[in-house]
Structure formats: C-alpha cells, structure tokens
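1. Predicted model follows, preceded by the sequence.
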Protein chains: 2
Amino acid sequence: MAETTAHNHDHVAGWAEYAAGRIKAAGHRRSSARDEVLAVIAAQECAITARDISSELARNGSEVGIATVYRALELLESMKLVQRVEVGQGVARFEPSMPDGDHHHHLVCETCEELVPFEDEGLERAIDRLAGKLDLKITGHDIVLHGQCSNCAN
Amino acid sequence: MAETTAHNHDHVAGWAEYAAGRIKAAGHRRSSARDEVLAVIAAQECAITARDISSELARNGSEVGIATVYRALELLESMKLVQRVEVGQGVARFEPSMPDGDHHHHLVCETCEELVPFEDEGLERAIDRLAGKLDLKITGHDIVLHGQCSNCAN
DNA sequence: GTGAATGCAAACTCTTTGCATGACT
DNA sequence: AGTCATGCAAAGAGTTTGCATTCAC
C-alpha cells in the first residue's frame, strides 16, 4: 500500500468541468462565483473547509462572499458532486466526488490536525459483510482514523 | 426498540462511581454539579449532547448551568472517561468510556437522525490489519454508518 | 482561608437566512 | 424581462470564556 497518497489530482482532473456541466444540466445558471468555487475545490488535495475556500478566493483577489461559498457547497452536496467530511473539529470539510465512486477515508493527525487520505479494500469488504449481517439498511459510511501523520510521527 | 436499549446499562454500571473516583484521584474537587452530570451520562443509552444533558438536569430540577456541563465534558474527555462522537450533525455527542475498552460504533438514521450502536469484530480486525499496513501511527478510529434504523426502514 | 468550580452572560465560531442588488438566459 | 444568484449583514446554533460568587478542602 505505498500508493495511498499519490493519487488525488488524477481523479480530480476535469472535476470542475464535470461539476459545472452537471449544474448547468440541472437547470442552474452559470456564474463566475460558482466557477471560482469549483476551481478552488478542484485544486485542493484533501477535504477543505468553507473558510479555506473563502480565504483562497480572497487571496486570488476574488470578491466571492462566504455565504455564496456555503450555498455552492450546499448545491454541490445535494447533487453528490462533493462529499461532506466531518472529523470532529467542529467544522465541515468538503472534497470533490466523482461519479466513478472513488472511495477513500481520512486519518486526522492528532498533532497538526492535518488530514491524510487513505483507502483500504479490506476495510470496505468488512463493511460490506457487516451490512449483510445487520438488519439495517446501510447507505454509506465514514471512517476516521486518529493518529500521527508521517511528519509528526517523529 | 426495546432490544437495543437493554444491553447498555450493564456496560455502564458503576461508570459514574469509577469516573468520580478517577476525577478525585486526579486532584480535582468533588462537586454536586459534576456528580449530577456524571449521573446523567451514566444513565444514557447512547451518545448524547451537552444540551441533552442540560435539559435532563433541568427536568430533574437541577440548576447546573450549561457551561458547567461543557466543562465537565471537557475534563472527562481529557481523562478519556467519555468519548466524543461526532456524526455530522454539527453537534458533539458524548458517551461513557470504560477502561476495559468496550468498543462500539454508530449508525445514524437518515430519516429520524437517531443513533444506533453496533459492534463488529470483523471491522475491528480490518482496522487492525490496516494499521499494520499504513506507516502511520494509529491511536483510534471512529466509524459512522449512514442508513435507516429498524423503525424507519419500513 | 485559599483556590478550584460554578453560574451567568458575553464572546466566538461556524453556518444559515432575509433582502435588496446585480447577472444570466 | 424575469428570475436566479450574489453580497452583505443579521440571525441562529453550538461552544468557550471572563468574572464575581460559592463551595470543597
């Protein structure tokens, strides 16, 4: 499992365009504010907060307000174009979600609070098996590991 | 849902006393406010919010303020006497944690938002195996399933 | 008596919403 | 032109903090 981290940009390539298309197709108008938000989300490595997006926009001279960021995220989440990730810091994080259902989870570094994505087939299988055993309908799952990232482990 | 409730109290039996002892041993003073919070936490079935605790206290005629509830929870969490559980509703939930490391996770019903606890050995094993594979130090994990509880499944 | 714990209220953070203005089709 | 989308500011929810008072030791 050495390839746990190196993958993100590939999956996300074209996400902004894809999302813009889906949004248009769903009957929503195209706007530069939304495009800017899409661009920032697409460029990120891992799940980011609304505030992250907003400051990144501000840093680029954009005048998009934070309310618009939240509204864009709300729309994107409702269309399953982003996935909301909460890791217990009291803030919601979001990351692009592609239709191919690329599936990963996160480790939260207890020292620097950074998020490290990982994926594991064994874990997904264990969840599938569990879903069969429980007599509950399971539609999704989130797994959050707590620990130390490679930077902070030393 | 008479089934799911029955087993929890066994695990939690004596938790309030145990926690009170640990708190005392750590050099903190004993107070009736803290005792009342401990009692409410011990009596709960699943992870509850600070507000839940506060209203339960109020219902019993207690005058413990919500700030005290938060401060008690902060202390308890720092001593690992409670575990914080966040399931993406924007609220922190807490549940008693025993030293024997009784370990369960939660399903969040997408319809009624209720929490259903579950445990699964296979899942725990998958996480242990994963911990071996990743070159990250893993100290804990949270798993949240999304789906329908037995009440809402119909 | 001393200092920790409490209660209240104010402050803070994250998120949502109302409303007038501006922009896309 | 008709709406949808935006930006601002205000409102809400959850949580934390400052400070005077109370209470445990």
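-> Sure thing, it's come through.
2. hey, let's count contacts and neighbours off CA atoms from now on
-> Will do.
3. any idea of the mean pLDDT in the helix or strand encompassing residue A:57?
-> If you go by DSSP states H and E, residue A:57 is part of helix A:50-59. The predicted model gives helix A:50-59 an average pLDDT of 97.
4. which residues sit against that helix?
-> Residues outside helix A:50-59 that contact it (C-alpha atoms under 8 Å, 6 or more residues apart in numbering or on different chains) are A:36-37, A:40-41, A:63-66, A:69-70, A:92-94.
5. and if we set it to 10 Å?
-> With C-alpha atoms under 10 Å, 6 or more residues apart in numbering or on different chains as the test, helix A:50-59 has contacts from A:33, A:36-41, A:44, A:49, A:60-70, A:72-73, A:91-94.
6. Now, these that are in strands?
-> Using DSSP state E to define strands, the subset of the contacts of helix A:50-59 located there is A:49, A:93, A:94.
7. what's the distance between the first one and residue B:47?
-> In this view, residue A:49 and residue B:47 are 26 Å apart by C-alpha to C-alpha, to the nearest Å.
8. Could you double-check that residue A:72 lies in contact with residue A:39?
-> No: using C-alpha atoms under 10 Å, residue A:72 is not in contact with residue A:39; the gap is 12.0 Å.
9. Identify the contacts common to these two.
-> residue A:33.
10. Apart from its chain neighbours, what residue comes closest to residue A:29?
-> Spatially, and ignoring its direct neighbours in sequence, residue A:29 is nearest to residue A:23 (7.8 Å; C-alpha to C-alpha, 6 or more residues apart in numbering or on different chains).
11. any idea whether residue A:116 is helix, strand or coil?
-> Secondary structure, DSSP: H, G, I helix; E, B strand; the rest coil: residue A:116 is strand.
12. Then residue A:106?
-> Put simply, residue A:106 is strand when judged by three-state DSSP.
13. Next one, pLDDT for the most centrally placed residue in chain A please.
-> A centroid search over chain A (C-alpha atoms, centre = their mean) returns residue A:95, at 1.5 Å, as the residue closest to the centre. Looking at residue A:95, its pLDDT reads 95.
14. try the one 4 residues further on
-> Among the per-residue scores, residue A:99 shows a pLDDT of 80.
15. what do you get for the one 4 residues further on?
-> Residue A:103 is assigned 86 on the pLDDT scale.
16. So it: helix, strand or coil?
-> coil.
17. Isn't it up against residue A:118?
-> Yes: Residue A:103 is in contact with residue A:118 according to C-alpha under 10 Å; the separation is 9.0 Å.
18. Who has more neighbours out of those two?
-> Neighbours per residue, other C-alpha atoms under 10 Å in any protein chain shown: of residue A:103 and residue A:118, the larger number sits with residue A:118, 19 against 13.
19. Give me the spatial nearest neighbour of residue A:103, chain neighbours excluded.
-> Using C-alpha to C-alpha, 6+ apart, the closest residue to residue A:103 is residue A:119 (6.9 Å).
20. what about that neighbour, neighbour count?
-> By other C-alpha under 10 Å, the residues close to residue A:119 number 18.
21. Surely it and residue A:142 touch.
-> No: using C-alpha under 10 Å, residue A:119 is not in contact with residue A:142; the gap is 11.7 Å.
22. list residues touching both of the two?
-> A:104, A:105, A:106.
23. Could you pull out the helices in chain A for me?
-> For chain A, the helices defined by DSSP state H cover A:8-12, A:15-25, A:32-43, A:50-59, A:66-78, A:121-133.
24. Turn those helices into CSV, columns for distance to residue B:27 and mean neighbour count.
-> Shown next, in CSV, are the helices of chain A (distance: least, C-alpha to C-alpha, whole Å; neighbours: other C-alpha atoms under 10 Å in any protein chain shown):
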stretch, distance to residue B:27, mean neighbour count
helix A:8-12, 48, 15
helix A:15-25, 55, 17
helix A:32-43, 48, 18
helix A:50-59, 40, 17
helix A:66-78, 45, 17
helix A:121-133, 42, 15
